[in-house]
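[1] Quick one: sequence and predicted model below, then my questions.
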Amino acid sequence: MGIDFTKYHGLGNDFILIDNRASSSPLLSPHQAVELCDRHFGIGADGVIFALPGSANTDYTMRIFNSDGSEPEMCGNGIRCLAKFLADLEGVNGEKEYRIDTGAGVIMPQLRSDGQVTVDMGEPRLLAEEIPTTLRGAGEKVIQETLEVAGQNWEVTCVSMGNPHCVTFVEDVATIDLEKIGPVFEHHGVFPKRTNTEFIQVVARDSVKMRVWERGAGVTLACGTGACASLVAAVLTGRCDRSATVELPGGCLQIEWRATNNRIYMTGPAIRVFSGCF
Ligand code: ZDP
C-alpha cells in the first residue's frame, strides 16, 4: 500500500501515528485500523491516530480509531504522542504549543524543554446526559451512585473528558479482575455509548493508583483521559486535593484540576518507538 507510520507510546499506551496532513479524511478505514493494531498479525497498538489538517483557529485535527475500530472523541495519551509526532514531522526541537481539533473540542498540548508534554485538557463534564449515562436524570451529576455490575454493588462517579468515564474507588487495585469485570462495565445498559472504567486506590491526598479497562481497547497500561477523570472524581468525593500523581501500570501522570478556570492539565511523556511502511 505504501503508507508510512510511526509508532509512539505514552506510558505504554501505544499508538500508530499516520501523517494525514494532505487530506481531511483518514487514509485508513476502521477495519484496517483493527488489523494494524493486532499484536500478532499486525504492528500492534491500542489505537491508530491521524494527524489531519486543522480548521480556521486550529493547527491540526486529531482523529483516532480504537483497536476495535470504534472512534472515541478524545485520547489523552494519544494527543501527547500526536504533539511529539507533529514536532518530529516539522523538525521542531524544544518548546511548542499546538491547538488541536478533537471530538472533545479544541485541546492544547504543549511540548516542554524537558521532553514532557503538558496538555490543557479543557473542562470536565459532569451532567448525566454529557457522560452519557442514564444512572441519573438529565441535569444531574452522578457522584457516588450505586451501580450493580456482575452481581456486586460498586460506588461510581461518572465524568466526561469528551469521552465517557466511570470511576470507582477500591481498597486495592491489584485485586481487581479487570479482564472479567471490565467488559461488564463497558457494556452496562446505563452507558448508551459504552464506557471507559477506572479502578482507583487512594494512596494520599496527592497520590492515587489506577488500573483501567478502556472502551474499545480493553486493558491498557495507561489512559490519559481516565487519569483526568479519576482526579476529578477523587476531588468531588473529598478524597484528594486538586493536584495529584496518578500511578498507572505504565508509569506516572501529573494531573491538576485548576480551581481558577475549572480546566485540567495533564503532564506526561510521549516516546517515539520506530517508523515503518506497510
Ligand atoms: O474513550 C475511548 O474509547 C478510549 N478507549 C479512547 C482512548 C483513551 C486513551 N487511552 C487516553 O489516554 O485518553 C487514549
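    Okay, I see it.
[2] Show me where the stretch 51-200 of the chain has its helices.
    Ranges of helices in the stretch 51-200 of the chain, per DSSP state H, counting those that start in this stretch, are 76-90, 178-186.
[3] Of all these, which one is nearest Pro269?
    Between Pro269 and those, the tightest spacing by C-beta to C-beta is seen for helix 76-90, at 7.3 Å. C-beta coordinates here come from the backbone N, C-alpha and C atoms, glycine included.
[4] For Met202, which non-adjacent residue is closest in space?
    In this structure residue 202 is Val, not Met. Nearest residue to Val202, sequence neighbours excluded (C-beta to C-beta, 6 or more residues apart in numbering): Arg239, at 5.0 Å.
[5] For the closest residue to Thr157 other than its chain neighbours, give me its contacts.
    Closest residue to Thr157 apart from its sequence neighbours, by C-beta to C-beta, 6+ apart: Ala233 at 3.9 Å. Ala233 makes contact with Ile143, Thr157, Val159, Val167, Phe169, Glu198, Ile200 under the criterion C-beta atoms under 8 Å, 6 or more residues apart in numbering.
[6] Only whichever of the residues you listed are buried, select them in ChimeraX.
    Applying 16 or more other C-beta atoms under 10 Å to the contacts of Ala233, the buried members can be selected in ChimeraX as follows:
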select :143,157,159,167,169,198,200
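[7] near the ligand, which residues of the stretch 51-200 of the chain show up?
    By C-beta under 6 Å from any ligand atom, the part of the stretch 51-200 of the chain that sits against the ligand consists of Asn66, Pro72, Cys75, Gly76, Asn77, Gly78, Asn163, Asn196.
[8] in what helix or strand does Leu36 lie?
    Remark: Leu36 resides in helix 30-37, with elements defined by DSSP states H and E.
[9] domains in this protein, as residue ranges please.
    Taking automatic domain parsing as the reference, the chain has its domains at 4-122+269-277, 128-262.
[10] For the last one, measure first residue to last.
    Which is domain 128-262. Terminal residues of domain 128-262 lie 18 Å apart, using C-alpha to C-alpha, to the nearest Å.
[11] for stretch 5-20, how far is the first residue from the last?
    End-to-end distance for stretch 5-20, by C-alpha to C-alpha: 10 Å.
[12] buried ones in that stretch?
    Result for stretch 5-20 [16+ other C-beta under 10 Å]: buried residues 5-11, 13-20.
[13] Now do Asp46 against Phe65, distance only.
    With distances taken as C-beta to C-beta, to the nearest Å, Asp46 is found 10 Å from Phe65.
[14] quick one: the strands in the stretch 51-200 of the chain?
    With DSSP state E, counting those that start in this stretch as the criterion, the stretch 51-200 of the chain has strands at 60-66, 96-97, 100-102, 105-111, 117-120, 145-149, 152-160, 164-169, 196-204.
[15] just these: most buried one?
    Highest mean neighbour count among the strands of the stretch 51-200 of the chain (mean count of other C-beta atoms under 10 Å): strand 164-169, with a mean of 26.
[16] so where is the stretch 51-200 of the chain shaky, pLDDT-wise?
    By pLDDT under 70, the stretch 51-200 of the chain has no low-scoring segment.
[17] Nearest spatial neighbour of Phe169, chain-adjacent residues omitted?
    Ile200 (5.1 Å).
[18] ok, residues contacting stretch 137-144?
    So stretch 137-144 is contacted by 126-129, 131, 133, 135-136, 155-158, 233, 236-237 (C-beta under 8 Å, 6+ apart).
[19] tell me which residues in that stretch are buried?
    Neighbour counts over stretch 137-144 (16+ other C-beta under 10 Å) mark Lys141, Val142, Ile143 as buried.
[20] And those residues, which is closest to the ligand?
    Nearest to the ligand among these, counting by C-beta to the nearest ligand atom, is Val142 at 17.0 Å.
[21] check contacts around the nearest residue to Ala128 once chain neighbours are set aside.
    Leaving aside its chain neighbours, Ala128 sits nearest to Arg136 (4.4 Å; criterion: C-beta to C-beta, 6+ apart). By C-beta under 8 Å, 6+ apart, the residues touching Arg136 are Ala128, Val142, Glu145.
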